[in-house]
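[1] Sequence first, predicted coordinates after that:
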Amino acid sequence: MLRRTKIVATVGPATDDIDTTDELIRSGMDVARVNFSHGDFETHQQRVNVIRERAKRQDRHVAIMVDLQGPKIRIEGFKHGFVELDKDQPFILDISLGEKDGDKNRVGVTYKDLMNDVEPGDVLLLDDGNVSMAVEKLEKNEIHCRVHNGGVLSDSKGLNMQGGGLTAGALTRKDLEDIKLAARLEADYLAVSFVRTAQDVRQARWLLEAAGGQAHLVAKIERADAMDHIDEILDASDAVMVARGDLGVEIGNAELPGVQKKIIRRARNGNCIVITATHMMQSMIENPQPTRAEVLDVANAVMDGTDAVMLSAETAIGKYPVTVVERMASICVGAERQRVTMISSLRLDAKFESIEEAVAMAAMYAANHFDVRAIVTMTESGKTAKWMSRISSGLPIFAMSRQIATLRRVTLYRGVYPIYFDIKDGQRGDQAQSDVLRELLRLGVVNEGDSVIVTQGELTGVVGGTNSMKILVV
């Protein structure tokens, strides 16, 4: 419980062994990401079942995040699998071309409306920007380009436009069906890819609720266009992900660090969880140790205030899935020892919008200015714990609840630790306090004589009823 920053680990073939799953949970996986870009529903369901069963055996709560594929725009294929493009050569993106009909002069595109989104002068980036070309003219189904940066281009590589501007909707037909599958899996989080506006998030939420799902929504920021609407996206979302792959391609790597810091800061200023993702420990797909650049990348995100850091291929298909989680956890703890991660002046000048938020902020201010050992919020929905997690503190925040869905959800909140606590409906708050302190003593997180901050409602078991804060001595 010393590590406050949470770890999202993508599950895949490398994690399917039960012993590996056990070790992932033991070494620090807080959220398991299920990538719907790969695999079938039966495989995903099996993985989710195993994770939940093994987490229960370890008396741990691990959230499940389903990540939708979204409208990944790609070129089609080549007759021989790849071509080598030369600088300044002409090249055509042909909307009408078949899946494997490409050659050195042209290739098909999966996104058939590309003709409507581009104009002469636009720069198209392929294969994560390794190949780039400028649009010169449009003719019928053909986009005539001239190669700027050449190189090898193979089948099904991604296609972006420099600066953004592609209008493909965030939800594809596949995503519409996958949202229903996410509801069947009882996912705790649903990540929506290539979000452009708040409406994309609202549409996904409506579809999820219509399918009976209760997951919280994660907006993946990977389009340049999304930055024009970032505040409204934050307001509409429960969490955002700084998805640095496609985002870096569209805005340029030089702009990426500043944008990452901006998103983290705005998320913390609001009531939104933020995940930093993509290539954080990429070298550990093959190697047992990270590079120093990767160590600094993770540490800087932690010191900037990210709630969570994410692993993708490193755990899903990498050689060292458990080791990479251990290394990332160690880096997080090291970064969290820095004073900047333990103090906060956030929202001191803000106007609070509800009683629960005011109580949460009062508790965190008291915690940072008084000698207490821990903070406890007795919660049904986890909302008070989320507000608390927006304020930097070196103290653990224990979310105590009888709601399993809430306990899994708060695993993504920075500095918040879930504890199952069976609160009886209608029990007065003061009657539950001694039970809370006894549970903390049993877990060994406090000692006799320690001061503990407790927030609660007058009647337990009521959602949105938090209205008081007390400082108790064990």
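    Received the coordinates, thanks. Note that the structure is a prediction, hence the values are computed from the model and not measured. Numbering: from 1, shown residues only.

[2] How is the protein partitioned into domains?
    6-70+169-336, 82-161, 355-473 (automatic domain parsing).

[3] Quick one: mean pLDDT over the longest one.
    Here the mean pLDDT over domain 6-70+169-336 is 97, rounded to a whole number.

[4] try the shortest one
    Per-residue pLDDT over domain 82-161 has a mean of 96.

[5] Please tell me how far Leu85 sits from Asp235.
    For Leu85, the distance to Asp235 equals 43 Å [CB to CB, to the nearest Å]. For every residue, glycine as well, the C-beta is placed using N, CA and C.

[6] So between those two, which is more surrounded?
    Shown here are Leu85 and Asp235; by other CB atoms under 10 Å, Leu85 has more neighbours (20 against 12).

[7] Enumerate the beta-bridge partners assigned to that one.
    Gly151 (DSSP bridges).

[8] still on that earlier bit, for the domains of the chain, give me CSV that also has distance to Ile343.
    Converted to CSV, the domains of the chain look like this (distance: least, CB to CB, whole Å):
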stretch, distance to Ile343
domain 6-70+169-336, 11
domain 82-161, 38
domain 355-473, 6
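
[9] Out of the ones you listed, flag the one nearest Met342.
    domain 355-473 (3.9 Å; CB to CB).

[10] quick one: the closest one to chain centroid distance?
    Averaging C-alpha positions (CA atoms, centre = their mean, to the nearest Å) puts domain 355-473 24 Å from its chain's average.

[11] can you give me the end-to-end distance of it?
    25 Å (CA to CA, to the nearest Å).

[12] With stretch 305-312 instead?
    Per CA to CA, the first residue of stretch 305-312 is 20 Å away from its last.

[13] Show me what that stretch is in contact with.
    5-10, 30-31, 33, 35, 239, 241-242, 264-265, 267-268, 273-281, 298, 301-302, 324-325, 328, 332, 341, 389, 392, 412-414 (CB atoms under 8 Å, 6 or more residues apart in numbering).

[14] From those residues, keep the buried residues only.
    5-10, 30-31, 33, 35, 239, 241-242, 264, 267-268, 273-281, 298, 301-302, 324-325, 328, 332, 341, 389, 392, 412-414 (16 or more other CB atoms under 10 Å).

[15] Low-confidence stretches in the stretch 351-474 of the chain?
    By pLDDT under 70, the weakly predicted segments of the stretch 351-474 of the chain are 424-430, 458-464.

[16] which residues in it form helices?
    355-367, 383-389, 404-409, 429-443 (DSSP state H, counting those that start in this stretch).

[17] What I need now is those written out in a markdown table, including distance to Val376 for each item.
    Shown next, in a markdown table, are those (distance: least, CB to CB, whole Å):
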| stretch | distance to Val376 |
| --- | --- |
| helix 355-367 | 9 |
| helix 383-389 | 10 |
| helix 404-409 | 14 |
| helix 429-443 | 6 |
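
[18] Please name whichever of those helices is nearest to Thr20.
    helix 404-409 (20.7 Å).

[19] And the contacts of the closest one?
    Under CB under 8 Å, 6+ apart, the answer for helix 404-409 is 61-64, 186, 188-189, 214, 216, 379-382, 399, 401, 418-420.

[20] and among the helices of the stretch 351-474 of the chain, the most buried is which?
    Ranked by average neighbour count under the criterion mean count of other CB atoms under 10 Å, these are headed by helix 383-389 at a mean of 26.

[21] just checking, what packs against it?
    Contact here means 3 or more CB pairs under 8 Å, 6 or more residues apart in numbering; DSSP states H and E; on that basis helix 383-389 packs against helix 355-367, strand 374-378, strand 397-401, strand 416-420.

[22] Ala219 and Tyr111, how far apart?
    21 Å.

[23] Quick one: the strands in the stretch 201-350 of the chain, in order.
    216-221, 239-243, 273-277, 308-311 (DSSP state E, counting those that start in this stretch).

[24] hmm, back to that, to Glu76, which of the domains of the chain lies closest?
    Short answer: domain 82-161, nearest of those by CB to CB, at 3.3 Å.

[25] Quote the end-to-end distance of the closest one.
    Terminal-residue distance, domain 82-161 (CA to CA): 21 Å.

[26] All further residue positions should be reported with the first residue as 56.
    Right, with 56 as the first residue, what we last looked at is domain 137-216.

[27] give the contact list for Asp156.
    Asp156 touches 131-132, 134, 163, counting by CB under 8 Å, 6+ apart.

[28] Could you export the strands of the stretch 256-405 of the chain to CSV, including columns for distance to Lys159?
    As requested, the strands of the stretch 256-405 of the chain are exported to CSV (distance: least, CB to CB, whole Å):
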stretch, distance to Lys159
strand 271-276, 34
strand 294-298, 32
strand 328-332, 35
strand 363-366, 38
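
[29] Any idea which of these gets closest to Ile430?
    strand 328-332 (17.9 Å).

[30] Strand partners (parallel or antiparallel) of that closest one?
    Strand pairing (DSSP bridges) places strand 328-332 next to strand 294-298 (parallel), strand 363-366 (parallel).

[31] any chance of those in JSON lines, with distance to Leu236 too?
    Output for those, formatted as JSON lines (distance: least, CB to CB, whole Å):
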{"stretch": "strand 294-298", "distance to Leu236": "20"}
{"stretch": "strand 363-366", "distance to Leu236": "21"}
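
[32] which one of those lies closest to Ser523?
    Of the strands paired with strand 328-332, the one closest to Ser523 (CB to CB) turns out to be strand 294-298, at 28.0 Å.

[33] Alpha carbons only: can I get that closest one in PDB?
    C-alpha atoms of strand 294-298 as PDB (Å, rounded to 0.1, in the frame of the first residue of the first chain):
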ATOM      1  CA  ALA A 294     -11.300   9.300 -16.900                       C
ATOM      2  CA  VAL A 295      -9.100  10.200 -19.800                       C
ATOM      3  CA  MET A 296      -6.100   8.400 -21.200                       C
ATOM      4  CA  VAL A 297      -3.100  10.200 -22.700                       C
ATOM      5  CA  ALA A 298      -2.700   7.800 -25.600                       C
END
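
[34] and it with strand 271-276, angle?
    Relative orientation of strand 294-298 versus strand 271-276 (axes from the mean of the first three to the mean of the last three CA atoms, to 10 degrees): 30 degrees.

[35] Run through who's touching strand 294-298.
    244, 246, 248, 271-277, 288-289, 314-315, 318-319, 322, 327-333, 361-362, 365, 467.

[36] returning to what we had before: out of the strands of the stretch 256-405 of the chain, flag the one nearest Gln101.
    strand 363-366 (20.5 Å).

[37] dump the residue contacts of the residue nearest to Arg102 when sequence neighbours are not counted.
    Nearest residue to Arg102, sequence neighbours excluded (CB to CB, 6 or more residues apart in numbering): Val66, at 5.1 Å. Val66 makes contact with 87-89, 102, 106, 370-371, according to CB under 8 Å, 6+ apart.

[38] again with Ala259
    123, 225-226, 234, 245, 247, 272.

[39] how about the helices of the stretch 156-305 of the chain, start to end?
    169-172, 228-239, 253-265, 285-291, 299-306.

[40] Can you check what angle separates the longest one from strand 294-298?
    Spelled out, it's helix 253-265. Going by the same axes, to 10 degrees, helix 253-265 makes 120 degrees with strand 294-298.

[41] What residues of helix 253-265 count as buried?
    253, 255-256, 258-260, 262-263.

[42] Then the first one?
    For helix 169-172, the buried set under the neighbour-count rule, 16+ other CB under 10 Å, comprises 169-170.
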